[in-house]
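*Asks:* here is a sequence with its predicted model. Questions after.
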Amino acid sequence: MDQWTFVPGGTEAPGKPVTTITGPALSKSVQAEEISTAMAVRSRADEQQMGLRTNLELGHAMQSRIDRPLFSNSEREQLRLMNHYCLHVSGSISSMFTPQTPSLWTEWITGLAFENDYLLHCILSISALHMALKSAAPRDQMVIASRHHGLGITLFQPYLANPALGDYDSALTFSYCVTLYAFGIHFLYRLDTNLISTFIDIMFLIHGCRALVASSMEERRTSRWVELILAKPDVPQQLPEEVEDMLCKLLEHTASIDSQVLKGMYVSALDALRLNHAIAISYGHSLKTVATFAVMSPAGFWPRARQGEALALAILANYAVILHSYRGSIWIQGWAKAVVDAVRQALPHEWHSCISWAIAETNNSRGTAEIMALG
């Protein structure tokens with residue numbers, strides 16, 4: 001039988017003995033190597049086939065999930081509303097109330113909303129309302145806005161009964177957002193039949209913030225709202241001549257009031273009106289400018305206004321002038337002139353001199369180009 005020399009690696013290792021393998025032994029070695037190679041190839045094929053099968057199964061599973069939407073229609077609607085709020089609504093509110101701190105209505109308030117469901121629903125409601133106000137066919141968005149508004153009000157009810165249960169900042173934010181909703185919804189439903197009553201309802205919503213402020217003095221000290229609406233403003237003592245003249249005419253009417261309590265109430269309301277006009281001159285567009293009269297006026301003023309007392313209506317009309325600077329806002333557009341006109345129609349002719357300045361101001365379109373940037 002023939003013999004030959006087999007050197008592993010094809011070369012002879014220096015200084016090491018040469019391994020000599022006979023024919024049959026080599027044949028078995030080659031067979032073993034071929035079997036091992038074949039098994040390795042088969043193993044790789046099995047792995048590839050298994051991987052293909054796994055990928056196919058995964059693909060079928062993913063297709064099955066794709067066939068079933070990952071987000072419900074309701075979730076998509078809420079995401080769309082929140083996106084619209086961040087892109088458009090927050091800017092329109094910030095330009096009205098807090099132009100120096102635009103992040104307040106985007107970062108801080110959205111953060112509060114994610115911690116308080118009633119505020120989140122309120123944010124979604126004003127977002128849908130903003131869409132409706134911008135739309136030529138607002139019906140669908142009005143339905144969505146109304147639904148979220150109702151849910152927010154329902155969830156907020158326990159905090160009205162017991163303010164200590166809630167978060168102070170979130171509750172105040174909710175109150176102002178609800179006020180915006182009340183202002184804005186008017187232009188969709190055209191509540192012209194009793195406009196003065198509707199306006200008083202909105203003012204009373206703002207006035208309600210006074211109770212929230214009084215209920216949580218400790219949180220008030222650390223609230224970001226303090227500087228925006230509650231801190232005592234630095235305002236001029238002397239107002240423009242036409243404003244001083246208007247206030248003087250109104251004050252003269254208190255002299256004929258017999259009840260000292262009623263007279264004191266009206267004097268306090270006039271003090272709030274003076275302060276609000278001073279703030280409007282000093283601060284321009286700010287939350288203080290819109291809210292001061294409603295928050296600071298005595299509670300007894302609002303029933304008198306609702307009953308249609310002439311002095312209360314005249315005061316209300318001269319406050320509404322302040323809102324005229326917001327006539328370019330999508331939320332407050334047209335309110336000032338509408339209220340002044342409604343009061344003029346409701347007052348006896350001898351009272352028209354008390355609102356003559358308000359009538360002149362709300363018929364004035366000065367500054368419209370600048371103000372239109374608010375929307």
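*Replies:* Here it is on my side, so go on. Numbering: from 1, shown residues only.
*Asks:* point out where the stretch 151-300 of the chain drops to low pLDDT.
*Replies:* For the stretch 151-300 of the chain, the stretches flagged by pLDDT under 70 are 163-166, 190-193, 210-222, 226-235.
*Asks:* which parts of it are helices?
*Replies:* For the stretch 151-300 of the chain, the helices defined by DSSP state H, counting those that start in this stretch occupy 168-189, 195-207, 209-215, 217-222, 225, 241-252, 260-283, 287-296.
*Asks:* distance to L112 and mean neighbour count for these - can I get that in TSV?
*Replies:* In short, each C-beta sits where N, CA and C put it, glycine included. Converted to TSV, those look like this (distance: least, Cβ to Cβ, whole Å; neighbours: other Cβ atoms under 10 Å):
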stretch	distance to L112	mean neighbour count
helix 168-189	5	22
helix 195-207	19	20
helix 209-215	14	16
helix 217-222	13	12
helix 225	11	21
helix 241-252	37	16
helix 260-283	24	18
helix 287-296	16	23
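*Asks:* let's have those helices in CSV, adding distance to I359.
*Replies:* Formatted as CSV, those follow (distance: least, Cβ to Cβ, whole Å):
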stretch, distance to I359
helix 168-189, 21
helix 195-207, 15
helix 209-215, 30
helix 217-222, 39
helix 225, 34
helix 241-252, 11
helix 260-283, 16
helix 287-296, 19
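*Asks:* looking at the ones you listed, which is closest to D140?
*Replies:* With respect to D140, and counting by Cβ to Cβ, the nearest of these is helix 168-189 at 12.2 Å.
*Asks:* which other helices and strands contact the closest one?
*Replies:* Counting contacts by 3 or more Cβ pairs under 8 Å, 6 or more residues apart in numbering; DSSP states H and E, helix 168-189 packs against helix 107-115, helix 117-134, helix 139-161, helix 195-207, helix 209-215, helix 217-222, helix 225.
*Asks:* A255: which of these is closest?
*Replies:* Comparison of those against A255 by Cβ to Cβ identifies helix 195-207 as nearest, at 25.3 Å.
*Asks:* angle of that closest one against helix 168-189?
*Replies:* Put simply, helix 195-207 runs at 170 degrees to helix 168-189, going by axes from the mean of the first three to the mean of the last three Cα atoms, to 10 degrees.
*Asks:* so how far is M82 from N363?
*Replies:* Distance, N363 to M82, by Cβ to Cβ, to the nearest Å: 40 Å.
*Asks:* for these two, indicate the residue with more neighbours.
*Replies:* Ranked by neighbour count (other Cβ atoms under 10 Å), N363 and M82 place M82 first, with 18 against 11.
*Asks:* just checking, next helix/strand downstream of the host helix or strand of that one?
*Replies:* M82 belongs to helix 73-84 when assigned by DSSP states H and E. Using DSSP H and E, the helix or strand that follows helix 73-84 in sequence is helix 90-97.
*Asks:* and the pLDDT for the closest residue to H88 other than its chain neighbours?
*Replies:* Excluding the flanking residues, the one nearest H88 by Cβ to Cβ, 6 or more residues apart in numbering is H130, at 6.5 Å. As predicted, H130 sits at a pLDDT of 95.
*Asks:* spatially central residue for this structure, please.
*Replies:* For the chain, the residue nearest the mean C-alpha position is I123 (4.2 Å; Cα atoms, centre = their mean).
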